[in-house]
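> sequence and predicted structure, then a few things I'm wondering about:
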Amino acid sequence: MKCTYLDEKCYEFHKDDTAQRCFLCSENSRKLFIVRQIASMKMVHMCGECMVSNSSEYLLDNTRPWEGDKGSSK
């Protein structure tokens, strides 16, 4: 069963974001994090190196569970 949230608009991805590449450096990193860009308040995928180097411009946003390969919320 897929979860439905009432706050979907709060979790929109940036129009220039691609799930397979870092939003800033475009590297196809093995591990990408999902963070919130403060300027646009949109979600983006980012590699760890860029996330640390630009931590003043991006926020970790883990305010609710995310469905994925490792499990699902019910």
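Happy to help now that I have it. Quick caveat: nothing in here was measured; it's all calculated off a predicted structure. Numbers count the residues shown, from 1 in each chain.

> need the residue closest to the centroid of this structure.
I34 (2.1 Å; CA atoms, centre = their mean).

> now do the contacts for that residue.
The contact partners of I34, taken as CB atoms under 8 Å, 6 or more residues apart in numbering, are M43, V44, H45, M46, D61, W66. (Each C-beta comes from the backbone N, C-alpha and C, glycine too.)

> am I right that it falls within a helix?
No: I34 sits outside any helix when classified using DSSP: H, G, I helix; E, B strand; the rest coil, being strand.

> do you know how far it is from G48?
For I34, the distance to G48 (CB to CB, to the nearest Å) stands at 12 Å.

> hmm, back to that, name whatever forms a beta bridge with the residue nearest to the centre of the chain.
Beta-bridge pairing for I34 (DSSP bridges): H45.

> could you measure from it over to T18?
12 Å.

> mutual contacts of those two, please.
By CB under 8 Å, 6+ apart, the residues touching both I34 and T18 are H45.

> picking up where we left off before, identify the contacts common to I34 and G48.
Going by CB under 8 Å, 6+ apart, no residue sits against I34 while also sitting against G48.

> so what's Q37 up against?
Applying CB under 8 Å, 6+ apart, the residues near Q37 are H14, F23, M43, V44, E57, Y58.

> and with 10 Å instead?
Applying CB atoms under 10 Å, 6 or more residues apart in numbering, we find Q37 in contact with 13-14, 16-17, 23-24, 43-44, 46, 54, 57-59.
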